[in-house]
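[1] Dropping a prediction and its sequence here:
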Amino acid sequence: APPAPDASAPPAPDAAGADPLAGMDPAMMEKMMAAMGQGKDGEGGGGGLDMASLQAMMGGMGGMGGGGGGAEADLRRQSQANQQAHAAKNAGEEEAGEEGKKFKWEQTSADGESTILVRFALSAKATKRDVKVVFKAKELKVTVHGEELMSGKTYGVVSVDDSTWCIGEEGLELQVLLAPAQDIKWQAVLKDE
């Protein structure tokens, strides 16, 4: 069996050559070492430190362990908020609209840019001559076969030059692609919904 390590010897450097106690609070280390030599109720004996005492001492050691504040904690909180915002902007397709003017819409976000896809199931086959879509920075109007399917103020500002539409599903679906000017979560396509 290998010889037991000498408890009075300083700790050996880790694989990278760093001192494993670097950055530790000397006063805290002294308290921990003193407590380790005591048994229950302060009696002498080997290794009487209980888990509750150890946790209480570790809680007071600043950023060690996983709590606290500081720049690192702020960055962690901001990262979590960014992840939640990204998930909200990529939540999947939703159904909306009034009876007879139903549509499905979905917002996706990647690389700081959002896209909103609005899909209308059409009752009759349509060609590009049957469709009229008017994009404005804060308004959208969609008409197919002379019937207005959507009209109103958009939830957010739209980049008109980057927005478009197309007909899919062999003329039975109109797809309107909106390019929001800002990468924020839209709660609806139109404010009036």
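    Right, received. Where do you want to start?
[2] For the chain, which residues score under the pLDDT cut-off?
    Within the chain, the segments meeting pLDDT under 70 span 1-24, 28-29, 31-69, 100, 193.
[3] Longest helix of it, counting residues only.
    Selection of the longest helix in the chain by residue count, based on DSSP state H, yields helix 70-89.
[4] Of all the residues in the helix or strand following that helix, which ones are buried?
    As assigned by DSSP states H and E, the chain's next helix or strand after helix 70-89 is strand 94-96. Neighbour-count burial for strand 94-96, counted by 16 or more other C-beta atoms under 10 Å, picks out no residue. In this view, the C-beta of every residue, glycine as well, is placed from N, C-alpha and C.
[5] from now on call the first residue 831
    Renumbered: residue one is now 831, and that last one reads strand 924-926.
[6] ok, which stretches of the protein are strands?
    Under the criterion DSSP state E, the chain contains strands at 924-926, 933-940, 943-951, 961-965, 969-974, 977-983, 994-998, 1003-1008.
[7] isn't Glu936 right up against Ile946?
    Yes - between Glu936 and Ile946 a contact is recorded at 7.2 Å, counting by C-beta atoms under 8 Å.
[8] Compare those two and say which one has the larger neighbour count.
    Ile946 (23 against 14; other C-beta atoms under 10 Å).
[9] wait, what's in contact with Gln1005?
    The neighbours of Gln1005, taking C-beta atoms under 8 Å, 6 or more residues apart in numbering as the test, are Leu947, Val948, Arg949, Phe950, Trp995, Cys996, Ile997, Gly998.
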